[in-house]
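> Sequence below, structure please.
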Amino acid sequence: MNTKKLWGVIDSLRSSIPSSDYITIISSIALVQFHNPNTIQTLLQSGNNTPSDFYAATQEAADALHLHLPTLLDRLNRSLKLMTNPVLQNFQFYTLEIFKNLTPSEFLESYFHSTENSIGKIGGEHLTPSSINELALKIIEVQKEETFLDPTCGFGNAIVSVLTTNPNQKIFGQEIYSLAGEIAQIRVILAGATKTTIKIGDVLRDPKYVEDGSLQKFDVVYSDAPIGMKSISEEIYETDPYNRFMFGSVPKSRADWAFVSNGINSLKENGRGIFIVPLGALFRGGKEQTIRERVIELDLFEAVIKLSSGLLPTTSIPIAMLIINKNKRNNRKNKIMMINAEDYVSDSKQKNLTNKDISAILDLFNNDSEIPGKSKLINKDEIIEGSLTVERYVKEKQMITDQELGDVIVDIDKLNSLETVEIQKIATVNRGVNLPSKHDKGEISYRIIKISDVVAGEIDFTKLDQSNIPENTKIDNYLVQNGDLLISTRGENIKTAVIKEDIKNILVSQNFVLIRVNDSINVDWLKFYLDSPIGQVQLKQKMKGETVLSLSPTAIKELKIPFIDKYLQDEIMQSYNYKKEQVRIQIVSLQEELAKDKLQAIFKMGLEGTLELLNHK
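Residues are numbered from 1 along each chain as shown. Prediction:
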């Protein structure tokens with residue numbers, strides 16, 4: 001389609017109705033044209049074409065095509081009341097010109113494709129980007145005779161993609177948000193679908209694909225549920241008549257695994273499913289860990305694919321694809337293909353997967369061999385604590401830049417083959433104190449060490465801020481003392497510092513972990529190790545988070561460090577610190593010598609009397 005003409009259509013609506021309503025009127029005029037190609041021309045020829053006439057034409061088209069569109073018609077009525085006759089007529093003239101070369105379906109699909117990157121303004125949480133759909137559908141390979149379910153279909157992007165190949169595909173879609181679901185109904189009708197059904201409703205509470213009291217089962221399920229949606233009540237999990245939540249209930253704050261469980265239990269005996277989830281769904285503990293462990297035990301996961309952040313139009317949260325297969329080929333049984341595809345992404349403001357990226361990811365999925373840093377086929381028994389975090393299993397030699405050593409390659413596998421000890425075996429580890437957001441009565445003031453107070457491993461205790469802490473706070477775990485090691489836990493730039501002074505009544509903030517070592521460890525040696533390229537790679541591998549990366553106290557407790565004798569630790573640090581001090585002295589001496597040479601050069605220029613040195617030594 002001529003993009004210029006499409007933007008002409010959109011431009012004709014500007015300043016008349018909110019941009020969020022463009023999709024409503026564009027879907028409506030496509031529906032009207034599909035129902036009767038002469039309607040728009042007839043309205044314009046009447047010479048008295050009003051918004052109410054166009055509304056009536058849209059309602060007539062919906063009724064004739066047996067479409068129930070209450071939300072769309074209500075939104076359309078609201079938009080038309082804002083439009084003058086000239087604006088509406090100009091819009092109709094533009095579309096009439098376009099319909100000379102495009103079908104109504106092609107026109108509507110062009111609108112979705114052209115506005116995909118900015119679709120957040122009209123409900124981007126209900127639209128999966130085309131490149132993600134393309135990857136998912138190529139992985140799942142829907143066959144013409146198979147049934148297809150999208151229980152969170154949004155505007156119907158995935159369904160329309162399947163219909164493009166086969167309009168006769170037997171498809172069921174359900175969507176909780178009525179406007180998105182009604183527009184999906186229009187799109188599938190315009191696409192020529194003959195066996196596609198779209199229903200409105202909350203699939204977790206009330207799945208609409210029920211027949212004679214039983215849940216219909218499908219060959220293929222594809223679901224991209226809204227990220228961050230809260231869960232349903234515990235009672236529904238326990239009383240679900242279709243036994244969809246056999247793996248367990250999910251936490252109230254996250255419904256990710258409720259949608260996955262619903263999808264898995266909507267599959268036929270040999271069915272396949274693919275689910276888009278935020279990365280947090282791969283590693284969060286509690287109820288979600290239990291669900292993951294049970295799905296793993298039943299050998300339902302075929303692959304986990306980590307994708308780049310920024311692929312979704314409304315959030316920068318990185319996502320993953322979970323591929324479920326109830327009928328794996330023999331060499332995939334009791335195994336899971338782990339794929340790290342976060343580097344496959346276009347370099348643009350709105351990221352997407354290029355054709356080259358999609359082909360590369362498909363190759364990784366179909367290839368059973370290990371590719372360092374990209375993919376690995378692992379036994380399901382190798383899964384650690386139900387964690388599906390790809391980086392735990394797909395490893396490569398890590399490169400990191402060290403201030404003194406430059407670029408360094410770190411081989412974590414070789415480190416793990418050495419004798420090591422977990423930090424929790426040689427130290428106590430505590431998180432810092434949560435600082436209150438407001439100051440109330442009944443609080444005691446303390447000086448607090450924050451991340452910004454640590455500069456080059458040093459802390460200036462004279463510049464610490466005061467903060468009020470409730471009197472009933474058990475502060476013993478948060479009070480720092482001489483010999484404590486602090487590690488920052490928030491953000492990619494990890495800071496460390498050792499307390500070198502006898503101080504009192506100073507607390508460490510919640511963005512630190514406080515390590516207090518036993519007599520078998522030289523705390524300076526431990527800091528030195530954690531600051532080394534090896535320690536930094538280990539710490540970064542343990543960082544988690546959907547938006548901001550962070551280290552948990554548990555992750556630090558489980559961090560494995562080399563197990564060497566305390567005498568050797570002391571010897572290493574004594575030798576290194578001595579040489580470090582000698583280098584510092586030489587640097588200072590050379591800087592002083594350079595300053596003298598600079599001063600002499602200025603004097604030789606005849607400028608001796610033009611400057612006064614205030615701090616010259």
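> who does the longest strand anywhere in the chain pair up with?
What stands out as the longest strand in the chain, according to DSSP state E, is strand 267-278. Pairing partners of strand 267-278, with direction, according to DSSP bridges: strand 218-224 (parallel), strand 319-325 (antiparallel).
> could those be laid out in CSV, adding distance to Ile296?
Where C-beta positions appear, they are placed from N, C-alpha and C, glycine not excepted. Below are the strands paired with strand 267-278 laid out as CSV (distance: least, CB to CB, whole Å):
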stretch, distance to Ile296
strand 218-224, 19
strand 319-325, 11
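> so of the ones you listed, which one's packed in deepest?
Neighbour counts (mean count of other CB atoms under 10 Å) averaged over each of these peak at strand 218-224, with a mean of 25.
> Following element in sequence after that one, please.
helix 234-239 (DSSP states H and E).
> Going by neighbour count, list what's buried in that following helix.
Neighbour counts over helix 234-239 (16 or more other CB atoms under 10 Å) mark Ile236, Tyr237 as buried.
> now swap in stretch 78-92 and tell me
Neighbour-count burial for stretch 78-92 [16+ other CB under 10 Å]: Ser79, Leu80, Met83, Val87, Leu88, Gln89, Asn90, Phe91, Gln92.
> need those in CSV with distance to Lys374 and pLDDT, can you?
Shown next, in CSV, are those (distance: CB to CB, whole Å; pLDDT from 0 to 100):
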residue, distance to Lys374, pLDDT
Ser79, 48, 93
Leu80, 53, 93
Met83, 53, 90
Val87, 53, 89
Leu88, 54, 90
Gln89, 56, 90
Asn90, 52, 89
Phe91, 49, 91
Gln92, 52, 92
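> So which of the residues you listed belong to strands?
Per DSSP E, strands hold no members of the buried residues of stretch 78-92.
> Just name the closest of the residues you listed to Glu458, please.
Nearest to Glu458 among these: Ser79, at 61.6 Å, using CB to CB.
> what's the closest of the strands paired with strand 267-278 to Tyr55?
That would be, of those and by CB to CB, strand 218-224, which comes in at 32.6 Å.
> Show the average pLDDT along the closest one.
Averaged across strand 218-224, the pLDDT comes to 97.
> Equivalent analysis for stretch 592-609, please.
Stretch 592-609 comes out at a mean pLDDT of 88.
> what separates it from the chain centre, distance-wise?
Distance of stretch 592-609 from the chain centroid (CA atoms, centre = their mean, to the nearest Å) equals 58 Å.
> Give the next helix or strand downstream of the longest strand of the chain.
helix 280-283.
> and the helix or strand following that following helix with strand 319-325, angle?
Note on helix 280-283: by DSSP H and E, the next helix or strand toward the C-terminus is helix 287-297. Angle between the axes of helix 287-297 and strand 319-325 is 40 degrees (criterion: axes from the mean of the first three to the mean of the last three CA atoms, to 10 degrees).
> longest single helix anywhere in the protein?
The helix spanning the most residues in the chain, taking DSSP state H as the definition, is helix 566-604.
> So for that one, what gets flagged as buried?
Buried residues in helix 566-604 (16+ other CB under 10 Å): Gln569, Ile572, Met573.
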